[in-house]
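K.L.:
Provided below for reference: sequence and predicted model.
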Amino acid sequence: MKYNFLTHEEMSTVYSQRAQQGKSAELYTLDFEDNLQRLVFCGSRHTNDPDDKQFGEIEELWNTFLTLPGNKIAFCEGNIRPIEAKSREEAIRVHGDAGFMCWLARQDKVELVSPEPDKNLEVRALVKEFGPEKTILYYFDRQMYQWARIGFRHHGNVREYILSFLDRFPTEELKGLEVSPNILYDIFRRETGKTFSFLEIQTMYELMAPGRNEIASASSLFRNESIFHAITRYKNDNYSIFVVYGSGHAIVLEPALKALYAG
């Protein structure tokens, strides 16, 4: 099915325009309404700094959202984080903007879901198109970039972290490829020509950034389709929806969501 999504090249153009306008640090906010069903989509910057101004902006939009009549639901990126015993600041430091969305929903007892696609189906599709090594490298790199960005020196043993990543990953979809931390390091070196290191954060970024890497673009499309389907489903069930996802998702989905809420 063809969706009215922006391409990643068009998304990059929007980012460039916002940078020229001095808006790079601002939320990319969508706000649509159709027949009393409201969508508030906060396109966030991924950060773990509780003092970042975007968290105050998200919270202000959230408090307005809470005053809406009818059914309400919140969407968080990635997965629902375990934030029950955490303060606002701890939720952000450990889980970033996704953790903050989880914290807000739990505090105000609003239904919370993560509209991510089925990981097995996604991995299976990517393995079929790109092969098992490139696929596992993409997910490994995405996880390690996240780790590096939030200050890996303060988050325990890296080998244990990688093993916990592999333990959660559907390795049965990798067509028999054996994986371990050392094998992942070898794949990284073969694909990039560089030894894996947290100092290679730019290399990691380029491997996992849609528009720079074809497998990242394919994964992002898979995820955007899932987000769009979930918004459509809950809108049709008469829910107002509050979303916190990376700004790239908001930019890519904007024309399709605008058409959906045009009635």
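P.N.:
That came through, no problem.
K.L.:
Name the nearest residue to L66, sequence neighbours excluded.
P.N.:
Distances taken as C-beta to C-beta, 6 or more residues apart in numbering place D108 nearest to L66, at 6.0 Å, with adjacent residues excluded. To be clear about C-beta, it is placed using only N, CA and C from the backbone, and glycine gets the same treatment.
K.L.:
Quickly note the distance from the one you found to Y139.
P.N.:
33 Å (C-beta to C-beta, to the nearest Å).
K.L.:
follow-up on the earlier one: pretty sure the residue nearest to L66 is touching F65, no?
P.N.:
No - here D108 does not reach F65: they are 9.5 Å apart, not a contact under C-beta atoms under 8 Å.
K.L.:
Looking at those two, which has the bigger crowd around it?
P.N.:
Neighbour comparison, D108 and F65: the larger count goes to F65, with 21 against 13 (by other C-beta atoms under 10 Å).
K.L.:
That one is in what secondary structure piece?
P.N.:
Element membership for F65 (DSSP states H and E) is helix 53-66.
K.L.:
Give me the contacts around that helix.
P.N.:
The contact list for helix 53-66, computed with C-beta atoms under 8 Å, 6 or more residues apart in numbering, reads 25-27, 29, 38, 40, 42, 44-45, 47, 72, 92, 97, 100-101, 104, 108, 110, 240, 242, 244.
K.L.:
Please tell me how far the longest helix anywhere in the chain is from the chain's geometric centre.
P.N.:
The single longest helix within the chain, with elements called by DSSP state H, is helix 214-236. Put simply, helix 214-236 sits 11 Å off its chain's centre (C-alpha atoms, centre = their mean, to the nearest Å).
K.L.:
Report the mean per-residue pLDDT for it.
P.N.:
Computed over helix 214-236, the mean pLDDT rounds to 94.
K.L.:
Repeat that for stretch 125-144.
P.N.:
On average, stretch 125-144 scores 93.
K.L.:
Residues contacting that stretch from elsewhere in the structure, which ones?
P.N.:
123, 162, 165, 169, 171, 173-177, 179, 184, 187-188, 190-191, 196, 198, 204, 207-208, 213-216, 218-219, 222.
K.L.:
Out of these, list just those in strands.
P.N.:
Among the contacts of stretch 125-144, the subset assigned to strands under DSSP state E is empty.
K.L.:
Mind checking which of these are in helices?
P.N.:
Counting by DSSP H, the part of the contacts of stretch 125-144 found in helices is 123, 162, 165, 184, 187-188, 190-191, 204, 207-208, 214-216, 218-219, 222.
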